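Student: Test case, fold it:
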Amino acid sequence: MLAVMQPKRSNGLMHVLIIDDEESIRRTTAMALEGMGYETTGAETRAAALKQLENSDFDVAFLDLKLEGESGLELLPELLKLTPRLEVVVFTAYASVETAVEAMRRGAADYIPKPFTPEQIRRVLAKIIEARKLRLRVAELESRISADSPATDLTSAEPAMQKVFDLASKAAATPATILLLGESGTGKTVLARALHANSPQKENAFVTVNCPSLSRELLESELFGHVRGAFTGASGDTFGKVALADGGTLFLDELGEMPLEIQPKLLRLLQEKEYERVGEARTRRANVRVIAATNRNLEQAVVSDRFREDLFYRLNVISIQMPPLRERPADLLPIAASFLQFFAGQCGKRLTGFSPVAQATLRWHPWPGNLRELRNVVERAVILANGDQIEVADLPEKLWEKPAVAGAPRVSVGALVSLEELENEHIARVIERTATLEEAARILGIDPATLYRKRKKLAA
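Tutor: Coordinates of the predicted model:
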């Protein structure tokens, strides 16, 4: 527990403002806090405290409720208005239940009566740190719930995918930077969350930055934060995603789209754990574990001068290649079944699964959109389904049709062809999509001998 509540000075987040008109109190409080690893700044008056908050950022303030000639209770709302995320702990020699209640009503996080001991300070800050972690975890969970996505089972029947999960399991326990490679929709974000959940940083925040979604200026601010007046529209200070991820994991999605101008700053964060907010000269530190993902070939981007070579090698400590869904045939139907269960629950439908023909259709499709495409197809099918299982008619028409080969005409349901031609085409497609004639016969609802005769007729 002590290791959790005593942040290192290098984390750059825990900066404490001590507001007291007695120099001895400021000095002894600072000594106690600095001994625990915090940065401290003192202020003896209301004006000095407000000036410090205007010029620097603080996480916690210790406020004496009886300043000389001034009221700490009156100052408390001003502090919170200027820095809404500030945690204020009030202390005073004039301790009473009434003043404690009033201080808490005005926004104080906690209350310490004078005289106090270093252990009392330690306990109060431990509560604040735990509450901050809890808020970050709640925000993360709310984000995941709002994403409205089913949970993904990180198991596989495919050897290639099992190797991916084995490597991820080993890498998760280390502080190493991880680079996730693969086509869009292959589950890189899901794996990144799993890496965080199995890492030493799991109790802290998992923060995502989508690199292609913002302009260069906004992406830099999103990552590192900015100070008031740094650019047009910067009406207040922001701390950025790097600060939010301090002690946790920063996930950079589609990193291959990051502008060249920002890449040196990311490299510095990775190597030195240092950064500056936009418009500020003060160097800050953040102990973040970086996981990056891209569907781009970064080695080719380096050759074409679209990605820094030194950043590529710094990111590529452990790289994990996510196989596309078409290379995971044994996982296709189990994943589809999990999507089915999730969306059936959302729609209030009782669905037992996919019909044999619908299963065969899913197996045959090449899934260029990978897991994301499969998710959308299953969601649509659940909405359209009228029976107790998904039928092939509930699937998009593009999944029904067999691509034309060598200019051959395409036969599909509703085409102006005879029933015999339609039957022959359907039998041929089912045979293509199944591993054995016995499985094809079961799907078609005929005995294997009959299928053998029909197949022989087709080949004639």
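Student: any idea how far the residue lying closest to Gly187 once chain neighbours are set aside is from Ala48?
Tutor: Nearest residue to Gly187 in three dimensions, chain neighbours excluded: Leu371, at 5.2 Å (Cβ to Cβ, 6 or more residues apart in numbering). Where C-beta positions appear, they are placed from N, C-alpha and C, glycine not excepted. Distance of Leu371 to Ala48, computed by Cβ to Cβ, to the nearest Å: 56 Å.
Student: With adjacent residues omitted, what lies nearest to Ala157?
Tutor: Using Cβ to Cβ, 6+ apart, the closest residue to Ala157 is Ala330 (3.9 Å).
Student: Report whether the expected contact of the one you found with Thr155 is present.
Tutor: No. Taking contacts as Cβ atoms under 8 Å, Ala330 lies outside contact range of Thr155: 11.2 Å.
Student: Now for the residue nearest to Ala157: which residues touch it?
Tutor: Applying Cβ atoms under 8 Å, 6 or more residues apart in numbering to Ala330 gives the contacts 156-158.
Student: likewise Ile25?
Tutor: So Ile25 contacts 18, 64, 114 (Cβ under 8 Å, 6+ apart).
Student: The same query, at a cut-off of 10 Å, please.
Tutor: 18, 42, 44, 62, 64, 91, 93, 114-116 (Cβ atoms under 10 Å, 6 or more residues apart in numbering).
Student: Where does it sit: helix, strand or coil?
Tutor: Here Ile25 is recorded as helix under DSSP: H, G, I helix; E, B strand; the rest coil.
Student: Got the confidence number for it?
Tutor: For Ile25, the model assigns a pLDDT of 88.
Student: Distance check, it against Asp64.
Tutor: In terms of Cβ to Cβ, Ile25 sits 7 Å off from Asp64.
Student: what do those two both touch?
Tutor: 18, 44, 91, 93, 114.
Student: Is the third one in a helix, a strand, or coil?
Tutor: Right, the one you point to is Phe91. strand.
Student: Same question for Gln201.
Tutor: Applying three-state DSSP: Gln201 is coil.
Student: Might you report the residue contacts of it?
Tutor: 172, 175, 195, 245, 247-249, 287-289.
Student: Tabulate the residues you listed (TSV), appending neighbour count and distance to Leu451.
Tutor: TSV is the format used below for the contacts of Gln201 (neighbours: other Cβ atoms under 10 Å; distance: Cβ to Cβ, whole Å):
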residue	neighbour count	distance to Leu451
Ala172	22	48
Pro175	13	57
Leu195	25	47
Ala245	25	58
Gly247	22	62
Gly248	24	57
Thr249	23	53
Asn287	18	63
Val288	27	59
Arg289	23	55
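Student: Closest one to Asn386 out of the residues you listed, please.
Tutor: Leu195 (41.1 Å; Cβ to Cβ).
Student: Just the closest of the contacts of Gln201 to Ile121, please.
Tutor: For the contacts of Gln201, the nearest to Ile121 is Gly247 (20.5 Å; Cβ to Cβ).
Student: per-residue pLDDT, the closest residue to the closest one other than its chain neighbours?
Tutor: With Cβ to Cβ, 6+ apart as the criterion, Gly247 has its nearest non-adjacent residue at 4.2 Å, and that residue is Asn204. On pLDDT, Asn204 comes in at 87.
Student: where's Asn204, which helix or strand?
Tutor: Using DSSP states H and E, Asn204 sits within no helix or strand.
Student: Equivalent analysis for Ile335, please.
Tutor: helix 329-347.
Student: now do Glu220
Tutor: Going by DSSP H and E, Glu220 is in helix 216-224.
Student: Could you point out the helix or strand that follows that helix?
Tutor: That would be, after helix 216-224 and using DSSP H and E, helix 240-244.
Student: List the pairing partners of the helix or strand just after that following helix within its sheet, with orientation.
Tutor: Note on helix 240-244: by DSSP H and E, the next helix or strand toward the C-terminus is strand 249-253. Strand 249-253 has the following sheet partners, assigned by DSSP bridges: strand 206-210 (parallel), strand 289-294 (parallel).
Student: Kindly reformat these as TSV and extend each row with distance to Glu261.
Tutor: TSV is the format used below for the strands paired with strand 249-253 (distance: least, Cβ to Cβ, whole Å):
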stretch	distance to Glu261
strand 206-210	16
strand 289-294	17
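Student: Ranking the ones you listed by mean neighbour count, which comes first?
Tutor: strand 289-294 (a mean of 26; mean count of other Cβ atoms under 10 Å).
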